[in-house]
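**Q** Compute the structure for the input listed below.
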Amino acid sequence: MSTTLIATAAPVKPAAAAQPETKIQKIDGFFGRIVKFFGKVIKNTSWQTTAQAILIAVSAAIENILELTGNEAGSAAVALVVNEIKAGFAALSALITEYDSQTHTTFVAQVTAIIDDIVADLGSLLTVGQVKDSKTLSGVTTWVLVISADAKSLLTIIPTAPPPAASS
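**A** Got it, this is the predicted structure:
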């Protein structure tokens, strides 16, 4: 005896026209990639490698603020502040690279001062950007908060004591 199965399919809805990705969706997608990236990096035991990875990701993230404010009245002023922030991240990267050649206390003080400057510059972006559109303002605010938190997180991964002196 043969049994015949008849499959009935649910009606298929026609595919909707693809909507262009909004800036907020781009930000959400970026955060997803950052989480995956840091999940891999954190497995590395070197705090310097982790710090450099954070700096690379944050430096890339700062570009999103430029993109969001590109059509705003204060976009030229934002670009100047973003360049100052990038210079701060470059200085941090150089300090982290040469960590072993400095005293620990001086290193922590220098890193703290640079991070404080970066966070202050990030805070000024909301003022100098002259952003009027609520969606854009929300996006810029989100990026400022995320980048500030990431910059401050660098302080939490620096060892609390200087490295042991090399034996002669």
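**Q** looking at it, T50 is touching I157, isn't it?
**A** Yes - T50 lies in contact with I157 (Cβ atoms under 8 Å); the separation is 5.7 Å. Heads up, the C-betas are built off the backbone N, CA and C, glycines and all.
**Q** which parts of stretch 113-133 are buried?
**A** Across stretch 113-133, burial judged by 16 or more other Cβ atoms under 10 Å covers I114, I115, D117, I118, V119, D121, L122, S124, L125, V128, G129, V131.
**Q** so the third one touches G88, yeah?
**A** Looking back up the chat, that one is D117. Yes - using Cβ under 8 Å, D117 makes contact with G88 at a distance of 5.6 Å.
**Q** Tell me which helix or strand comes right after the helix or strand where T50 lies.
**A** In this assignment (DSSP states H and E), T50 forms part of helix 47-69. Of the helices and strands lying after helix 47-69 in sequence (DSSP H and E), the nearest is helix 75-97.
**Q** Which elements pack onto that next one?
**A** Counting by 3 or more Cβ pairs under 8 Å, 6 or more residues apart in numbering; DSSP states H and E, the packing neighbours recorded for helix 75-97 are helix 47-69, helix 104-128, helix 134-157.
**Q** Now do the second one and helix 134-157, the angle between them.
**A** Calculated by axes from the mean of the first three to the mean of the last three Cα atoms, to 10 degrees, helix 104-128 forms an angle of 180 degrees with helix 134-157.
**Q** Mind listing residues that contact helix 104-128?
**A** 65, 69, 74, 77-78, 80-82, 84-85, 88-89, 91-92, 95-96, 99, 137, 140-141, 144, 147-148, 151-152, 154-155, 158-159, 161-163 (Cβ atoms under 8 Å, 6 or more residues apart in numbering).
**Q** any weak-confidence spans in this protein?
**A** 1-45, 71-72, 100-102, 161-168 (pLDDT under 70).
**Q** Quickly note the distance from the residue nearest to I85 when sequence neighbours are not counted to T103.
**A** Leaving aside its sequence neighbours, I85 sits nearest to D121 (Cβ to Cβ, 6 or more residues apart in numbering; 5.0 Å). To T103, D121 is 27 Å away according to Cβ to Cβ, to the nearest Å.
**Q** just to revisit the earlier point, would you mark the buried spots in the helix holding T50?
**A** 50-55, 57-59, 61-62, 64-65, 68-69.
**Q** which two in those residues are spaced the farthest apart?
**A** Largest separation among the buried residues of helix 47-69 by Cβ to Cβ: T50 and T69, giving 29.7 Å.
**Q** Surely G129 touches S75?
**A** Yes - with contact defined as Cβ under 8 Å, G129 reaches S75; the gap is 7.4 Å.
**Q** No further questions, thank you.
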